[in-house]
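K.L.:
Prediction below, plus the sequence it came from.
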Amino acid sequence: MSQKSRDGDDSWPAAAADRVVTWARGLGPSAGDRRVLAIEGRSGSGKSSLAAAVADRLGAALIRMDDLYAGWDGLDQGVSALRDWVLAPLAEGRPAIWRRWDWAAGEYAEEHRVPDGRWLVVEGVGAGAPRSYLSGLVWLASPAPVRKQRALARDGDLYAPHWDRWAGHEQAFYTANPVHSQADLVLDN
């Protein structure tokens, strides 16, 4: 999603990021000495814009779930990768190394090491599922028609043929993992 939201108004991500950062500064470590903040919500809810602004303000590393999903049917695998490659190693005091999904090649590609730091922000569908590793969980809520319009405006023809397929995966995931009900902070966008 572009930095613009709500009919071209780019003030929402900035104001929301300020609110999230003010709230998050009171959170304690959750994965070793790292504070992990998940920004979660359905596709098109504004997670990417908010997460980038929050990570910037906190001086945090940012991991996007889009880089961990194993393709259009890989939501669950992406959540497992987040837990196994990133959060569990951090909690155990080990380096966290994850592999980026190459959407064009249809396979995992190069490795990335999570940089040292006090904060890690993870954004995307499923980011909040490994709850025991999180300092805080932010849920973004938006009506389905607005989310779809944003997602298709952002990714256009790349996403359009997969919208219903991905929405089905989201629905199944959230039915099995009621992440919204575990959120510490809920924002409407």
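P.N.:
It's in. Residues are numbered from 1 along each chain as shown.

K.L.:
Grab the most central residue of this structure for me.
P.N.:
Central residue of the chain (CA atoms, centre = their mean): residue 123, 1.3 Å from the mean position.

K.L.:
is it true that that residue touches residue 51?
P.N.:
Yes. At 3.4 Å, residue 123 counts as touching residue 51 under the criterion of CB atoms under 8 Å. C-beta: built from backbone N, CA, C; applies to glycine.

K.L.:
what does stretch 63-79 rub up against?
P.N.:
Residues from elsewhere that reach stretch 63-79, judged by CB atoms under 8 Å, 6 or more residues apart in numbering: 48, 51, 81-82, 85-86, 98, 100-101, 103, 106, 108, 114, 120-127, 129-130, 162, 165-166, 169-170, 173.

K.L.:
Which positions within that stretch qualify as buried?
P.N.:
63-70, 74-79 (16 or more other CB atoms under 10 Å).

K.L.:
when you check the residues you listed against the strands, which ones overlap?
P.N.:
Members of the buried residues of stretch 63-79 lying in strands (criterion: DSSP state E): 63, 64.

K.L.:
wait, which of the buried residues of stretch 63-79 is closest to residue 157?
P.N.:
residue 66 (17.0 Å; CB to CB).

K.L.:
and the closest residue to residue 56 other than its chain neighbours, how many residues sit next to it?
P.N.:
Excluding the flanking residues, the one nearest residue 56 by CB to CB, 6 or more residues apart in numbering is residue 17, at 7.8 Å. The number of residues packed near residue 17 is 21, by other CB atoms under 10 Å.

K.L.:
buried residues in stretch 96-113?
P.N.:
Neighbour count says stretch 96-113 has 96, 98, 101, 108, 112 buried, by 16+ other CB under 10 Å.

K.L.:
mean confidence score for it?
P.N.:
Averaged over stretch 96-113, pLDDT sits at 96.

K.L.:
Between its first and last residues, what's the separation in it?
P.N.:
Distance between the two ends of stretch 96-113: 6 Å, counting by CA to CA, to the nearest Å.

K.L.:
Pull the residues that contact that stretch.
P.N.:
63, 66-71, 74, 78, 81-82, 85-87, 89-90, 95, 114.

K.L.:
where does stretch 65-76 sit relative to the chain's centre, distance-wise?
P.N.:
Here stretch 65-76 is found 12 Å from its chain centre; the criterion is CA atoms, centre = their mean, to the nearest Å.

K.L.:
lowest average confidence, helix or strand, in this protein?
P.N.:
When the helices and strands of the chain are compared on mean pLDDT, DSSP states H and E, helix 144-159 comes out lowest with a mean of 71.

K.L.:
after it comes which helix or strand?
P.N.:
helix 163-176 (DSSP states H and E).

K.L.:
Give me the helices and strands touching that next one, please.
P.N.:
Here helix 163-176 touches helix 75-81, helix 144-159, going by 3 or more CB pairs under 8 Å, 6 or more residues apart in numbering; DSSP states H and E.
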